[in-house]
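Student: Okay, predicted coordinates and the sequence, questions at the end:
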Amino acid sequence: MGANMNSNTLNNCLLCGDKSDKKVTEYKASIWAKNKMFSKALIHSCQNCGVGYIKNPPDRTELNNFYEKEYRSEESPFYINFNVKNPPFARDHRSIAQLMLGLQYTEFSNKDVFIDLGPGIGSSFNELKEIVDDSIDLKLCAVEHSEGAANYYKRLYDVDTFKDTSECISSLKRKPKFLLSSHCLEHFRLDDAINFLTELKNSFENGGICVFEVPNVDISIHETIRGADDPHLIFFSKESLRIIFENSGYEVLFLETCGQMHAKQIVTITSTNILNQLKNTILKNIRKLLSNSPFKKILISYFSKITFKDENFKYGGNRQCLRIVARPK
C-alpha cells in the first residue's frame, strides 16, 4: 500500500467547514508500528485548509496510558532519564527562541505564572531563569504525564507538576501570564484540541499569551517528504493552525514557519535516537571532567554559549515547524 491511497471521502472539515472530498492517506507508523492505536490508522486531510487528522483516533484512556507508560520509556526514542540530578549546561535554542518570541507580546511581573505543557527535559524552565530578571519571582508549572517527571522538575527547577491543564490552572492563585506548548498539540485528537483551546482561552491573566509550536505537515505538500507519523494525531498546515486558534476565540499575534527547511534530508527516528544517546554520553563525560577541572568555568562558558545561527531562530519558507503566538480575544 503506497503513502497516497488515491482515495477520497466526504465529510465536513472540523476546522474550516469545507464540504469537499477529504484525501485519505496511509499513516506512517514506524516507531510504534505494532501498537494497534497507530498500525491501522488513516489520515483524512482537508484540501481547503490543509489540516490532516486521524479519522478514528485512539480512545482517550488508551492515549493517557500510552503517554504515562510508553512515550518516555527506556525503549522509546523519546526516553528521558528523570533521575538526572543536575540541569543541563548546554543551551536549548528552541526554548530560547520560543520564550523570546512570546516575550515580545507580554512581560512578566512578580508572582506571574508560567506553564509549560509537555516540557520534556524542562529546558524552558532552565532558559526562563536565564532570560527573566532575577528580581522577578515567577510561579513555574508543568503539565506532564510521564512517570518520574514531577520529582525531576521539582528537584531541578522548583516546578509544580500536574497531569491535567485545567487542574493546574484551577489550583493556582493567579492565572497564567505565559503558556508554552512545544510539539504537544499534534498529539491531541482533533476534537480534543478544539475543545482544549476553547476552554483554555478563559484561563489567562490580563495581557497573557500562549506560544505553540507544532510540526509543519500539510499532506498535500509534504506527503512524500514527511517522517514517521506516530504518535501524532493532527497534521497542521499554516492555514489550519491559524483557523483552529481563531475559531477557538484567539487573536493570532504571530504565525510563521520555523526551524530547518523541509528540503533538507529527513533524519530517521533511529538515527535521531543514536545521535541523542551519543550526545548524552558525551555531555555526561564532559560533566565528569568538569567536576575536577581547573578550567571548569571556561569549559562551561564554551559549551553553554548561544548560537544565533541555529535554525530555531530562523523563520519563513518551507520549514519543518510552525510557531504561533496568540491571546484571547
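Tutor: That came through, no problem. None of these values were measured; they are calculated from a predicted model.
Student: Just name whatever secondary elements the helix or strand harbouring K177 is in contact with.
Tutor: Secondary structure from DSSP states H and E places K177 in strand 176-182. For strand 176-182, the elements it packs on are helix 93-102, strand 113-117, strand 209-215, judged by 3 or more Cβ pairs under 8 Å, 6 or more residues apart in numbering; DSSP states H and E. The C-beta positions use only the backbone N, C-alpha and C, and glycine is treated the same way.
Student: Next, the angle strand 113-117 makes with the helix or strand just after that strand.
Tutor: Counting by DSSP H and E, the next helix or strand C-terminal to strand 176-182 is helix 190-200. If you take axes from the mean of the first three to the mean of the last three Cα atoms, to 10 degrees, helix 190-200 sits at 180 degrees to strand 113-117.
Student: Can I get helix 190-200 in PDB? Just the C-alpha atoms.
Tutor: C-alpha atoms of helix 190-200 as PDB (Å, rounded to 0.1, in the frame of the first residue of the first chain):
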ATOM      1  CA  LEU A 190      -8.600  16.900  16.700                       C
ATOM      2  CA  ASP A 191     -11.900  17.300  18.600                       C
ATOM      3  CA  ASP A 192     -10.000  17.400  21.900                       C
ATOM      4  CA  ALA A 193      -7.600  20.000  20.600                       C
ATOM      5  CA  ILE A 194     -10.500  22.300  19.600                       C
ATOM      6  CA  ASN A 195     -12.200  21.800  23.000                       C
ATOM      7  CA  PHE A 196      -8.900  22.300  24.900                       C
ATOM      8  CA  LEU A 197      -8.100  25.600  23.100                       C
ATOM      9  CA  THR A 198     -11.700  26.800  23.500                       C
ATOM     10  CA  GLU A 199     -11.700  26.100  27.300                       C
ATOM     11  CA  LEU A 200      -8.200  27.500  27.700                       C
END
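Student: ok, how many other residues are close to S170?
Tutor: 10 (other Cβ atoms under 10 Å).
Student: measure it to I324 for me?
Tutor: Applying Cβ to Cβ, to the nearest Å, the value for S170 to I324 is 25 Å.
Student: now swap in F82 and tell me
Tutor: For F82 relative to I324 (Cβ to Cβ), the value is 29 Å.
Student: okay, the two: which has more neighbours?
Tutor: Between F82 and I324, counted using other Cβ under 10 Å, the more crowded position is I324 (25 against 19).
Student: Just checking: what are the partner strands of the host helix or strand of that one?
Tutor: Counting by DSSP H and E, the element that carries I324 is strand 319-328. Paired strands of strand 319-328, with direction, are strand 209-215 (antiparallel), strand 250-261 (antiparallel) (DSSP bridges).
Student: ok and the shortest one relative to helix 93-102, angle-wise?
Tutor: Strand 209-215 and helix 93-102 meet at an angle of 140 degrees, taking the same axes, to 10 degrees as the criterion.
Student: Just want the angle from strand 209-215 to strand 176-182.
Tutor: Using the same axes, to 10 degrees: strand 209-215 against strand 176-182 is 0 degrees.
Student: Nearest to R155, out of the helices and strands packed on strand 176-182?
Tutor: Comparing these by their distance to R155 (Cβ to Cβ), the top pick is strand 113-117, with 16.0 Å.
Student: quick check, distance from the closest one to the centre of its chain.
Tutor: 13 Å (Cα atoms, centre = their mean, to the nearest Å).
Student: Which neighbouring elements make contact with that strand?
Tutor: Taking 3+ Cβ pairs under 8 Å, 6+ apart as the contact cut, strand 113-117 packs with helix 123-131, strand 139-143, helix 165-170, strand 176-182.
Student: Tell me the strands beside that strand, with direction?
Tutor: strand 139-143 (parallel), strand 176-182 (parallel).
Student: which residues are contacting the first one?
Tutor: I take that to be strand 139-143. 111-119, 122, 125, 128, 149-150, 153, 157-165, 168, 172, 174, 176 (Cβ atoms under 8 Å, 6 or more residues apart in numbering).
Student: Mind doing that once more with 7 Å?
Tutor: Applying Cβ atoms under 7 Å, 6 or more residues apart in numbering, the set of residues contacting strand 139-143 from outside is 111, 113-119, 125, 153, 157-162, 164-165, 168, 172.
Student: Can you name the next helix or strand after it?
Tutor: Strand 139-143 is succeeded, C-terminally, by helix 149-157 (DSSP H and E).
Student: Beyond that following helix, next helix or strand please.
Tutor: strand 160-162.
Student: That next one: how far from the chain's middle?
Tutor: 17 Å.
Student: Which elements pack onto it?
Tutor: If contacts are counted by 3 or more Cβ pairs under 7 Å, 6 or more residues apart in numbering; DSSP states H and E, strand 160-162 sits against strand 139-143, helix 149-157.
Student: Sweet, I'm off.
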